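[1] Here you go, sequence then predicted model.
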Amino acid sequence: MRSAKSAKVRVNGGLTFIKQTSVAVAAALTVACTSAGVDRRGGIDPGATVRVRLDGRVVAVPIESYVRTVILSEFAPVAADPTNVEHMLELQAIVSRTYALTPRHSAAGYDLCSTTHCQLYQPSRVAASRWHGAAEEAVRRTAGVLLWFGDTPARVAYHADCGGRTSAAHDVWEGRALSYLASVVDDDAGAPHAPWQFAPDMAALRRALNADKRTRVGSFLNRIDVVRRDSTGRAQLIAIDGERSPVIRGEEFRVVVGRAFGPRALRSTWFEVVRTAHGFTFNGRGFGHGVGLCQAGAYARIMRGASRAEVLTRYFPGTSVH
């Protein structure tokens with residue numbers, strides 16, 4: 001499966017979070033974490049590298065250099081308190097380092113791509129970002145630190161904004177349920193879980209759906225109905241009624257629509273859909289798949305004084321940081 005293109009969402013007084021879909025986690029949840037780069041004592045080999053597909057070629061990047069670039073790519077503060085940003089970069093470094101331990105493209109001869117399908121990796125940000133020094137320090141202070149579940153690195157996921165509650169991974173992508181990727185209430189974080197609305201033209205939406213065989217409806221489109229939701233209210237299954245009447249998982253529907261209209265259109269699967277005279281209106285909340293770490297909520301907790309360990313165990317219950 002492929003994800004939508006990267007996007008930015010502004011929250012918390014000028015902060016920009018870029019992570020929003022990372023559908024590759026769906027496959028990764030059924031694959032054991034790689035042992036490459038992690039020794040039997042539970043530490044990362046200082047010489048470990050990750051193979052990244054970047055601009056049509058595969059490059060071997062030292063793990064800590066990879067983490068530094070990813071955290072500047074996935075978290076883009078515009079104007080914020082430097083101390084809070086530094087703490088958020090440390091937290092993001094731990095999550096991104098742990099994420100990198102599960103390769104998603106081994107069959108193609110590399111570990112991770114450079115898009116939001118895996119983790120956003122944009123080397124140009126290292127020199128351009130005003131926070132590159134803080135990112136260097138965050139990586140240095142957390143060097144080798146991972147999120148663990150028992151004696152195994154956790155299989156992490158993260159997104160921009162959960163809308164007030166995260167979803168369990170198996171509700172979004174099916175697969176085996178993991179206790180630390182469960183639904184977590186986040187309405188006490190104080191984060192600005194802003195609502196959104198998307199109202200595409202009927203003809204444009206039909207063209208978008210017809211562009212993918214999973215959602216192809218044919219010459220007309222009558223209805224779009226959420227036929228099953230998870231415990232948070234996110235759409236798990238969506239029935240589309242037209243010349244053809246496919247039923248598709250909510251996250252796949254979001255990817256198809258995002259490919260045509262951009263990732264800021266249908267920002268999450270937590271929405272209500274209403275038929276109008278001109279097409280359909282989607283009223284929703286959140287940004288991204290909703291599984292694991294909520295960046296907006298995490299930063300709100302940091303601003304309130306929470307430690308990185310407290311934040312991580314909030315979103316990944318039962319895990320430990322070391």
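    Arrived safely, thanks for sending. Numbers count the residues shown, from 1 in each chain.
[2] where are the low-confidence patches of the stretch 101-250 of the chain?
    Within the stretch 101-250 of the chain, the ranges that satisfy pLDDT under 70 run 188-192.
[3] Which parts of it are strands?
    112-113, 147-149, 152-153, 158-159, 195-198, 221-229, 235-242, 247-249 (DSSP state E, counting those that start in this stretch).
[4] any chance of those strands in CSV, plus mean neighbour count and distance to His170?
    Every residue, glycine included, has its C-beta placed from N, CA and C. Listed next are those as CSV, based on neighbours: other Cβ atoms under 10 Å; distance: least, Cβ to Cβ, whole Å:
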stretch, mean neighbour count, distance to His170
strand 112-113, 23, 23
strand 147-149, 21, 15
strand 152-153, 19, 18
strand 158-159, 28, 16
strand 195-198, 15, 26
strand 221-229, 15, 14
strand 235-242, 19, 10
strand 247-249, 18, 12
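[5] Throw those strands into a markdown table and include distance to Val255, thanks.
    Shown next, in a markdown table, are those (distance: least, Cβ to Cβ, whole Å):
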| stretch | distance to Val255 |
| --- | --- |
| strand 112-113 | 15 |
| strand 147-149 | 26 |
| strand 152-153 | 27 |
| strand 158-159 | 14 |
| strand 195-198 | 14 |
| strand 221-229 | 15 |
| strand 235-242 | 12 |
| strand 247-249 | 10 |
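[6] mind checking which of those is nearest Val58?
    Closest to Val58 of the strands of the stretch 101-250 of the chain, according to Cβ to Cβ: strand 112-113, at 9.9 Å.
[7] re earlier: which one of the strands of the stretch 101-250 of the chain lies nearest to Arg264?
    Evaluated with Cβ to Cβ, the strands of the stretch 101-250 of the chain place strand 195-198 nearest to Arg264, the distance being 8.2 Å.
[8] Keeping just the C-alphas, turn the closest one into CSV.
    The C-alpha coordinates for strand 195-198 follow below in CSV (Å, rounded to 0.1, in the frame of the first residue of the first chain):
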residue,chain,number,x,y,z
PRO,A,195,-12.1,20.0,13.3
TRP,A,196,-11.9,20.2,9.5
GLN,A,197,-14.3,20.0,6.5
PHE,A,198,-13.8,18.7,3.0
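[9] Closest to the centroid, which residue in this protein?
    Centroid-nearest residue in the chain: His159, 3.4 Å away (criterion: Cα atoms, centre = their mean).
[10] what about the residue lying closest to it once chain neighbours are set aside, distance to Thr116?
    Of all residues not flanking His159 in the chain, Gly288 sits nearest, at 2.8 Å (Cβ to Cβ, 6 or more residues apart in numbering). From Gly288 over to Thr116 the distance is 9 Å, taken as Cβ to Cβ, to the nearest Å.
[11] Show me which of the two is the more surrounded one.
    Using other Cβ atoms under 10 Å as the criterion, Gly288 and Thr116 rank with Gly288 on top: 32 against 26.
[12] how much space between that one and Asn210?
    Distance, Gly288 to Asn210, by Cβ to Cβ: 26 Å.
[13] do the same with Ile302
    From Ile302 to Asn210 the distance is 44 Å (Cβ to Cβ).
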